[in-house]
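Engineer: What follows is a predicted structure for the sequence shown.
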Amino acid sequence: MLEMLSNTFTENGLIVSFAVIGITIYLSYIISDKLTKGKIHGSAIAIILGLVLAYIGGINTGGEQGLADIGIFTGIGLMGGGMLRDFAIVATAFGASLDEIKKAGLPGIISLFAGVIISFVIGVIIAFAFGYTDAVSLTTIGAGATTYIVGPVTGTALGASSEVIALSIAAGLIKSILTMIGTPFIAKYIGLDNPRSAIVYGGLMGTTSGVAGGLAATDPKLVPYGAMTATFYTGLGCLIAPSVLFLVTRAVFGS
Amino acid sequence: MVIYGVALLSICLLIGVLLGKLLGVSIGIDANVGGVGIAMVFLVLLVDYLKKNKKLNIKSQEGMAFWGAMYIPIVIAMAAKQNVVAALDGGPIALLAGVTTVIVSWAMVPVLSNIGRDKSILNEELGGTGDVRNVK
């Protein structure tokens, strides 16, 4: 009987994930309503619950895919994977306004460059403070502070040690998770309530998953604007971190 | 028909990802550079054009609005498949680097949002996660 149940679940992975996520969201809205009196948005609670489930999954399986590593929940991997995520992000653009995008073009581009460079510099300074002095390690950790994709791409390109690459991924993951959780709480203090600031936000934070999750929990109408710039961030990071930024780092700290 | 909207969405994404990959190759990166962003710009332009010419009926719009509304559940599934254990295992340097970048970037948002600012109000038009049936 139990085996039949588990087979049914594994054979219908994606469907299971729809049910699991639906129930998670339902519970999150109840928690939001009853425990926080609606002060903390249901989506924000659902994302936190999702991360907790990912932690439980990771602890139990030792895998890298959170809950999706547990046999009966593999569908979560498909539902939350790159393909459907990108598809749904593009779909949110259906609600975006062309005029707003045009108006925020310049601040959007400036924020992209500012975002990559600021994060990189902070990563380098912290790595230096922790005793790393070689340009390759500093650059890799700096790149990891932009996103968890730029870190390993840069580290691999420069030939960094696997320990440093792992650190760079961890830094990027922390950034992404904190952005997901923190955005709805910080939004009103930084004026994150209009398309223009959402475009700037996407460019500054850069982590597509973090920005997308954070904005969804703040105000779903802002998602397309933030996501649009955020998707360019990783590309820009992969472009300038192992090249220009590495050369500057080497010039400052020596090889 | 609903599928027309979904197909339009798919075609935009495929074109965007393809262009993103071409852009990646042209600058020497084996990755999709901004493909999703390009796809979004395409979709915005296309929807704008089709709406102005009254070529996009409600059913087709529902096909897109559905996937837009599925976005938050998909993000939650994405959260559930993150490598949270590895993030926490990174130790103080990863934690400090991640947290500091986020806080400093937050502080920069109001500064950069004010560049070349004029009035900018949130568009309440049809679409996105809203109810598509509200259209006249």
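Structural biologist: Noted; the coordinates are in hand. Quantities reported herein were computed from a predicted structural model and do not represent experimental measurements.
Engineer: Could you report the neighbour count for residue A:102?
Structural biologist: If you count neighbours by other CB atoms under 10 Å in any protein chain shown, residue A:102 ends up with 9. Glycine gets a C-beta too; all of them are placed from N, C-alpha and C.
Engineer: ditto for the one 5 residues further on
Structural biologist: Residues within reach of residue A:107, counting by other CB under 10 Å, total 23.
Engineer: Assign a three-state SS to the residue lying closest to it once chain neighbours are set aside, would you?
Structural biologist: Nearest residue to residue A:107 in three dimensions, chain neighbours excluded: residue B:115, at 4.3 Å (CB to CB, 6 or more residues apart in numbering or on different chains). Remark: residue B:115 carries the secondary structure label coil [criterion: DSSP: H, G, I helix; E, B strand; the rest coil].
Engineer: got the contact list for residue A:119?
Structural biologist: Residue A:119 makes contacts with A:142, A:145-146, A:175, A:206, B:101, B:104-105, as judged by CB atoms under 8 Å, 6 or more residues apart in numbering or on different chains.
Engineer: Could I get the buried residue list for the helix or strand bottoming out on mean pLDDT in chain B?
Structural biologist: Among the helices and strands of chain B, helix B:84-89 carries the lowest confidence by mean pLDDT, DSSP states H and E, at a mean of 75. Within helix B:84-89, the residues scored as buried using 16 or more other CB atoms under 10 Å in any protein chain shown are B:84-88.
Engineer: what's the nearest residue to residue B:7 if we skip its chain neighbours?
Structural biologist: Take residue B:7 and drop its neighbours on the chain: the residue closest to it by CB to CB, 6+ apart is residue B:63, 7.9 Å away.
Engineer: looking at it, that neighbour is touching residue B:4, isn't it?
Structural biologist: Yes. Contact criterion CB atoms under 8 Å: residue B:63 and residue B:4 qualify, at 6.4 Å.
Engineer: more neighbours, the two?
Structural biologist: Set side by side, residue B:63 and residue B:4 give different neighbour counts by other CB under 10 Å, the larger being at residue B:63 (20 against 15).
Engineer: May I have the helix or strand containing that one exported as PDB, CA atoms only?
Structural biologist: With elements taken from DSSP states H and E, the one containing residue B:63 is helix B:58-69. The C-alpha coordinates for helix B:58-69 follow below in PDB (Å, rounded to 0.1, in the frame of the first residue of the first chain):
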ATOM      1  CA  ILE B  58      -9.500  37.800 -24.000                       C
ATOM      2  CA  LYS B  59      -8.900  34.100 -24.300                       C
ATOM      3  CA  SER B  60      -5.400  34.500 -25.600                       C
ATOM      4  CA  GLN B  61      -4.700  37.000 -22.800                       C
ATOM      5  CA  GLU B  62      -5.900  34.500 -20.300                       C
ATOM      6  CA  GLY B  63      -3.300  32.000 -21.600                       C
ATOM      7  CA  MET B  64      -0.600  34.500 -20.700                       C
ATOM      8  CA  ALA B  65      -2.200  35.700 -17.400                       C
ATOM      9  CA  PHE B  66      -2.400  32.200 -16.100                       C
ATOM     10  CA  TRP B  67       1.400  31.700 -16.400                       C
ATOM     11  CA  GLY B  68       2.000  35.100 -14.900                       C
ATOM     12  CA  ALA B  69      -0.200  34.100 -12.000                       C
END
